[in-house]
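Asker: I'd like to go over a predicted model; first the sequence, then the structure.
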Amino acid sequence: MPAERRGLTRSLAYGFRLAVGTVRRLGRLAVFGFEILVLSRLFERRGASADAMTTTLLAAKDIERLPPELEVTDSHGRSLASWRHGFAGVNASLFLNLQTPNRLSDLRHAHPGPPFRGVYLWDSAFIAQVWKGWDPQVAWEVLAAVIRLRDGDRLQHFASEYTRSRFTQPPLIAWSLVRLAREVPEARARSWIAVAYPALAAYKRWLDAHRRLPNGLYHWAHPYESGVENAPRFSTTDERRLDDIRTWAAPDLCSYMVLQSEALAEMAAMLGRDAEAAAHGHEADRIRALVNAYLWDPDEGLYFDLDTTRGRLVRSRTIASLLPLWAGIPDAARADRMHRRIVDPQGFGTLIPLPSVALDDPDFERDMWRGPVWLNTAYGVVEGLRRAGWHETASDMAFRLADGVYRTYQHHGHFYEFYDPTVHRIDALHRKRGNRWKKITLGSGPVADFVGWTGLVNMLVAEHLFGLQGHPGARAIRPRFPRRAEGMRFTLLLAAEEGEVELRVGPEGRTRGELRMAWGTRPFEAAFGEPVLLAQAAEGSA
């Protein structure tokens with residue numbers, strides 16, 4: 001065959017392959033758009049059915065055991081269906097949003113909700129926390145998918161089959177992985193951490209190089225990077241104005257950096273890298289000291305952004321002002337001042353507590369990050385209250401958050417991204433009102449069947465109320481139920497432990513109940529926060 005003809009043939013073949021590839025990509029893109037604009041809306045109307053959770057269905061995504069279950073009765077012995085259905089509904093939605101390996105990731109990975117067809121950084125960190133009580137392997141894959149999809153040393157805000165982000169997001173993967181590692185056998189935990197630690201340590205160095213200010217604190221590159229993009233601290237409701245915040249030291253990012261450093265220290269210690277563990281620990285202490293020096297407002301009793309260009313605090317009372325509690329930044333005196341704001345019904349102590357903007361702030365409105373409750377940041381504050389020693393307040397907040405989400409689910413039949421802090425309905429909530437593009441693509445209110453972090457409500461029950469903790473062979477509960485739960489009966493079925501815990505809440509948070517495990521049955525009594533081992537060898541409380 002003449003050279004010219006061979007060249008023409010190759011060109012035609014290349015052009016045909018290119019055309020076929022283009023058609024396929026356009027077809028997949030059309031499906032992607034169809035999923036976002038159509039199927040997600042159908043999913044909203046259909047909802048997630050907990051009754052359909054069978055071992056056969058779960059096997060389709062390699063899930064080997066049924067999820068935990070919850071039963072609750074009030075002080076009169078009446079079943080609280082909202083709690084039972086809500087707890088089960090979280091697990092059903094969690095399963096439906098789990099993705100099997102595909103073009104984007106060769107690991108199972110999680111979508112936060114039906115319209116969000118990608119892998120998101122901080123969503124995945126929280127989703128893994130919900131999965132760890134059901135299937136730790138899924139939790140690990142959800143985290144590992146984020147790490148594998150990194151761009152160089154940067155963990156991406158999100159990645160989908162067709163798009164990537166030039167931003168990062170709250171750096172919580174290391175925090176989530178350490179919490180997962182504490183609840184699996186040591187050999188398994190070490191193998192996961194050996195894989196993840198080098199990438200997560202490199203990500204920390206990337207953040208130091210690209211997100212650290214001359215004063216040693218950290219800034220967001222853009223409001224979208226913070227995850228709270230239309231918060232009044234740096235945006236208008238519809239995002240027509242987004243402030244340039246590259247010179248603002250941010251209390252939320254600084255808090256996440258402390259949590260990240262603490263987690264890296266724990267990972268390094270597990271791997272025998274003692275010098276690195278010490279360095280990460282010193283880094284956490286350094287950031288804490290700087291946040292207290294620069295971002296604390298003694299008049300308000302809160303932490304705020306610092307505009308380093310103008311040398312002034314941006315006094316917007318948002319949930320970011322409370323997140324330093326999560327990282328153990330405030331001393332006892334500062335924590336006491338913050339606690340007063342948290343429990344104030346006109347501040348952050350609303351019906352469903354911990355709104356994204358304090359109720360008495362002039363910028364409060366029922367629009368996304370300008371007032372509604374988001375479970376991820378509320379969860380962080382509850383963790384912070386526990387860390388600061390405010391155990392009764394932490395339990396009360398955890399109970400009210402769970403009750404509020406489950407009641408809202410009972411009313412609407414769906415879970416949502418965010419919740420009204422004053423009622424158990426979402427009718428008055430908006431999504432960036434005035435932003436037409438968001439209305440077209442995501443609707444005018446919170447996205448339904450969203451468990452990107454709303455699923456954390458189940459962890460508030462399991463970890464903060466029952467106090468479930470520990471690795472296999474050393475699992476225990478530390479019941480911490482608030483006074484408003486007195487007389488109620490709670491039963492938590494734990495498939496992983498092949499048993500269940502039933503307890504009744506008495507005065508002063510004392511509980512009396514029964515462990516019904518594979519090895520047999522044992523009654524117990526426990527004071528508020530007193531540990532009860534789940535192992536057979538234990539005799540009553542430890």
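Answerer: The structure has been received and is ready for your questions. Residues are numbered from 1 along each chain as shown.

Asker: Now do the strands in the stretch 401-542 of the chain.
Answerer: Remark: strands assigned in the stretch 401-542 of the chain by DSSP state E, counting those that start in this stretch are 476-477, 489-494, 499-505, 511-517, 520-526, 532-533.

Asker: after the helix or strand of the chain with the lowest mean pLDDT, next one along is what?
Answerer: None of the helices or strands of the chain scores lower by mean pLDDT, DSSP states H and E than helix 40-46, at a mean of 38. The helix or strand immediately downstream of helix 40-46 is helix 55-59, counting by DSSP states H and E.

Asker: what is the mean pLDDT for that following helix?
Answerer: The pLDDT scores in helix 55-59 average 87.

Asker: what packs against that helix?
Answerer: Judged by 3 or more CB pairs under 8 Å, 6 or more residues apart in numbering; DSSP states H and E, helix 55-59 is in contact with no other helix or strand. Just so you know, the C-beta spots here come from the backbone N, C-alpha and C atoms, and that holds for glycine as well.

Asker: Quick check: buried residues in it?
Answerer: residue 58 (16 or more other CB atoms under 10 Å).

Asker: Stretch 422-430 too?
Answerer: Across stretch 422-430, burial judged by 16+ other CB under 10 Å covers 422-424, 426, 429-430.

Asker: so where's this structure shaky on pLDDT?
Answerer: 1-53, 537-542 (pLDDT under 70).

Asker: center of it - which residue?
Answerer: residue 126 (2.8 Å; CA atoms, centre = their mean).

Asker: I'd like to know how far the closest residue to it other than its chain neighbours sits from residue 125.
Answerer: Distances taken as CB to CB, 6 or more residues apart in numbering put residue 453 closest to residue 126, at 4.1 Å, once the chain neighbours are dropped. Using CB to CB, to the nearest Å, residue 453 is found at 9 Å from residue 125.

Asker: Next: residue 320.
Answerer: As defined by CB to CB, residue 320 lies at a distance of 17 Å from residue 125.

Asker: now do residue 512
Answerer: With distances taken as CB to CB, residue 512 is found 36 Å from residue 125.

Asker: ok, the two, which is more surrounded?
Answerer: residue 125 (27 against 14; other CB atoms under 10 Å).

Asker: hang on, that one packs against residue 179?
Answerer: No. Contact criterion CB atoms under 8 Å: residue 125 and residue 179 do not qualify, at 9.5 Å.

Asker: Pull out the buried residues from stretch 348-362.
Answerer: By 16+ other CB under 10 Å, the buried positions in stretch 348-362 come out as 348-359, 361.

Asker: cool, and stretch 129-146?
Answerer: Going by 16+ other CB under 10 Å, stretch 129-146 has these buried residues: 129-146.

Asker: Give me the subset of those lying in strands.
Answerer: Judged by DSSP state E, strands contain none of the buried residues of stretch 129-146.

Asker: Return the subset of these lying in helices.
Answerer: Judged by DSSP state H, the buried residues of stretch 129-146 include 129-131, 136-146 as members of helices.

Asker: tell me the contacts of residue 373?
Answerer: Neighbouring residues of residue 373 by CB atoms under 8 Å, 6 or more residues apart in numbering: 350, 352-356, 401, 404, 418-421.

Asker: Leaving out sequence neighbours, find the closest residue to it.
Answerer: residue 419 (4.5 Å).

Asker: and the one you found, how far is that from residue 406?
Answerer: Per CB to CB, residue 419 is found 11 Å from residue 406.

Asker: just the helices in the stretch 101-250 of the chain please.
Answerer: 121-131, 136-148, 173-181, 186-211, 223-226 (DSSP state H, counting those that start in this stretch).

Asker: Just read off the phi/psi values of residue 367.
Answerer: When read as degrees, to the nearest 10, the backbone of residue 367 gives phi -140, psi 110.

Asker: Just list the residues touching the nearest residue to it once chain neighbours are set aside, thanks.
Answerer: Nearest-residue entry for residue 367: residue 430, 4.3 Å, with adjacent residues in sequence omitted and distances by CB to CB, 6+ apart. Residue 430 makes contact with 237, 365-368, 444-445, according to CB under 8 Å, 6+ apart.

Asker: most surrounded residue in these?
Answerer: Going by other CB under 10 Å, residue 368 tops the contacts of residue 430 with 27 neighbours.

Asker: and residue 118, what is it in contact with?
Answerer: So, once contact is read as CB under 8 Å, 6+ apart, residue 118 ends up touching 104, 111, 158-161, 163.

Asker: Next one: it from residue 145, what distance?
Answerer: In terms of CB to CB, residue 118 sits 10 Å off from residue 145.

Asker: Check residue 127 too.
Answerer: Using CB to CB, one obtains 10 Å as the distance from residue 127 to residue 145.

Asker: how about residue 512, what does it touch?
Answerer: Contacts of residue 512 by CB under 8 Å, 6+ apart are 503-504, 506, 523-526.

Asker: That one bridge partners, please.
Answerer: Here residue 512 sits in beta bridges with residue 504, residue 525, as judged by DSSP bridges.

Asker: Confirm for me that residue 237 is in contact with residue 371.
Answerer: No. Residue 237 is beyond contact range of residue 371, at 10.3 Å (criterion: CB under 8 Å).
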